[in-house]
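>>> I would like the atomic coordinates for the input below:
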Amino acid sequence: MMKNVLLINPPESFTNKGTSERLAPPLGLLHLKAMMPNHNVKILDLPIIPNSWTAFLKIFKSENWDAIGITILTYCLESVSQLVNFIRKHGDVYLIGGGAHATVMPDDCLKMGFDAVIIGEGDLVISDVLQEKPRGRIFGKTVPNLDEIPFLDRSGLNNTQYGVFGFLRLHGLSTSILTARGCPFRCSFCSRTIKGSIRRRSVDSVSTELESLQKQGFENIFIADDYFITDKRWMTAFCRALKKRKIKLNFFYQTRVDTFDKKSAQLLRDIGTQYISFGIESIHPDALRFYNKTRKPSRWKALVENALEACNNTGIYSQASLIIGAPMETEEMFWESCDFVSKHGADTINVNPLTYIVGSDIWQSAVEKGSIAKNEYLVSVSTRQLCPIHPERIDEICDEVFQRVINKYPRIMFKTLQNLDMFRFKLLLRGIKEFISWNFLRGNWQKHYNILKDFGYGKKKTRNNKVS
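Numbers count the residues shown, from 1 in each chain. Sure, this is the predicted structure:
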């Protein structure tokens with residue numbers, strides 16, 4: 001018998017909307033839907049909807065749902081709790097939780113009101129769970145061969161709402177894909193329960209899906225891997241396959257500086273790579289050791305310089321992602337990292353206050369030392385004195401870096417004109433139109449300035465997610 005299943009991607013907050021939540025669709029839920037072809041499955045991506053609570057109420061009342069699944073992330077515990085409380089009061093429906101926080105803290109999620117919580121990957125167990133409706137902890141199964149997961153059906157989503165990048169919506173339809181699951185690295189700030197391993201889809205599988213997406217009219221692809229370039233041989237074969245199939249899309253992703261070089265930059269630019277965010281974090285060996293970022297911290301500065309230079313030589317936009325707030329980091333140390341990436345050509349700089357999140361090595365260590373309580377699942381250095389820099393000063397520093405990014409726009413404009421293609425030409429036209437409307441028609445520059453900061457630049461307070 002076909003079951004009506006509602007899968008919900010909750011917003012970080014029902015009151016304050018984050019622009020970055022409108023970047024790309026929720027791949028986790030799309031993967032689950034692909035494994036339930038015999039059910040009537042509706043995905044409700046609340047972050048892209050302006051009045052998300054009203055939208056939830058409408059969908060909830062529109063159908064007799066046999067089951068509702070909710071993605072549980074540590075950042076979203078408040079909104080998840082609101083959803084669960086309402087569902088429990090207004091219906092007798094089988095309620096399933098999954099996602100990163102459910103995997104790390106399943107018992108707490110069960111106490112919130114879920115009937116069952118899936119730990120780990122749910123692809124191979126979701127059909128049985130819906131059929132049997134077990135209670136309590138459900139252990140997922142690792143998908144050994146990612147090629148066996150069917151291609152994702154994005155037709156049920158409002159795809160026109162994705163591709164919001166900062167304050168600017170990219171021209172054309174945008175979506176995301178995964179080329180791999182896992183990460184071969186073991187960063188101490190990462191909340192993954194399984195670190196140091198990765199499973200990749202085959203080049204043929206990924207290129208075939210991209211070919212299908214191109215035929216469907218998509219133009220911009222966000223590769224949602226934790227780190228895209230983990231295997232240069234795979235990456236080279238991937239670039240060759242796209243050129244052979246005449247696939248021309250605009251790619252955006254994040255990677256590391258120690259897996260990137262001039263040859264990689266040229267190959268990736270040739271297939272349409274527009275933007276890469278590098279997880280640099282810092283240039284100081286002590287901070288890098290604390291983050292367990294690299295086995296050779298003394299080489300990091302040279303790798304950063306080479307990666308940024310390769311992007312500038314090929315015209316790829318580069319973002320340097322930095323973390324502020326390591327226990328030994330002074331303000332002078334942070335500015336040295338910031339000045340270094342700026343000097344060597346980073347087009348934008350994104351500063352993230354260090355966050356101690358449940359499941360990460362640094363969170364566990366802080367709990368053991370007593371600086372963070374066991375029921376504090378998300379603690380930012382911008383709200384707690386956990387480093388030499390005062391929390392309020394961290395906010396000010398983030399804002400100062402944002403001002404530097406704004407001041408670099410003329411250089412970025414020159415780089416755009418030097419490496420003009422159809423994507424960048426359309427982006428320029430849209431940017432000019434938006435600029436005119438902000439400054440002369442609506443006088444709304446301050447609004448968009450604030451949106452940019454909400455996207456990850458400038459002052460950004462992180463709430464402490466605490467359970468009682």
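>>> Give me the most central residue, this protein.
Ala224 (6.8 Å; Cα atoms, centre = their mean).
>>> Tell me if I'm right that that residue and Thr175 touch.
No - applying Cβ atoms under 8 Å, one finds Ala224 not in contact with Thr175, separated by 9.9 Å. Where you see a C-beta, it was placed from the backbone N, CA and C, and this is true even at glycine.
>>> Quickly list what's touching both of those two.
Residues touching both Ala224 and Thr175 by Cβ atoms under 8 Å, 6 or more residues apart in numbering: Ala24.
>>> With adjacent residues omitted, what lies nearest to the residue nearest to the centre of the chain?
Nearest residue to Ala224, sequence neighbours excluded (Cβ to Cβ, 6 or more residues apart in numbering): Ser176, at 4.7 Å.
>>> That neighbour belongs to a strand?
Yes - under DSSP: H, G, I helix; E, B strand; the rest coil, Ser176 sits within a strand.
>>> For it, give me the pLDDT.
On the pLDDT scale, Ser176 is placed at 96.
>>> hmm, back to that, backbone phi and psi for the residue nearest to the centre of the chain, please?
Reported as degrees, to the nearest 10, the phi and psi values for Ala224 are phi -90, psi 10.
>>> Please report the distance of it from Ile177.
Distance, Ala224 to Ile177, by Cβ to Cβ, to the nearest Å: 7 Å.
>>> same deal with Lys232?
20 Å.
>>> Comparing the two, which shows the higher neighbour count?
Using other Cβ atoms under 10 Å, the more surrounded residue of Lys232 and Ile177 is Ile177, with 22 against 14.
>>> what pairs with the more buried one across the strands?
Per DSSP bridges, residues listed as beta-bridge partners of Ile177: Ile223.
>>> Now do the same contact list for it.
Residues in contact with Ile177 (Cβ under 8 Å, 6+ apart) are Leu27, Leu152, Val206, Glu209, Leu210, Leu213, Ile221, Phe222, Ile223, Ala224.
>>> need the contact list for the third one.
Okay, so that is Val206. Shown in contact with Val206 (Cβ under 8 Å, 6+ apart): Ile177, Thr179, Phe238.
>>> those helices in the stretch 51-200 of the chain, which residues are they?
Under the criterion DSSP state H, counting those that start in this stretch, the stretch 51-200 of the chain contains helices at 52-62, 77-90, 100-104, 106-112, 126-132.
>>> deepest of those helices, which one?
Most buried of the helices of the stretch 51-200 of the chain by mean neighbour count (mean count of other Cβ atoms under 10 Å) is helix 100-104; its value is a mean of 24.
>>> That helix packs against which elements?
In terms of contacts (3 or more Cβ pairs under 8 Å, 6 or more residues apart in numbering; DSSP states H and E), helix 100-104 is packed against strand 116-119.
>>> Now do the buried residues in whichever strand or helix holds Val206.
Secondary structure from DSSP states H and E places Val206 in helix 203-215. Residues of helix 203-215 classed as buried: Val203, Ser205, Val206, Ser207, Thr208, Glu209, Leu210, Glu211, Leu213, Gln214 (neighbour count, 16 or more other Cβ atoms under 10 Å).
>>> hang on, the earlier thing: need the contacts of Ile177 in TSV (columns: pLDDT).
Output for those, formatted as TSV (pLDDT from 0 to 100):
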residue	pLDDT
Leu27	96
Leu152	95
Val206	98
Glu209	98
Leu210	98
Leu213	98
Ile221	97
Phe222	96
Ile223	97
Ala224	95
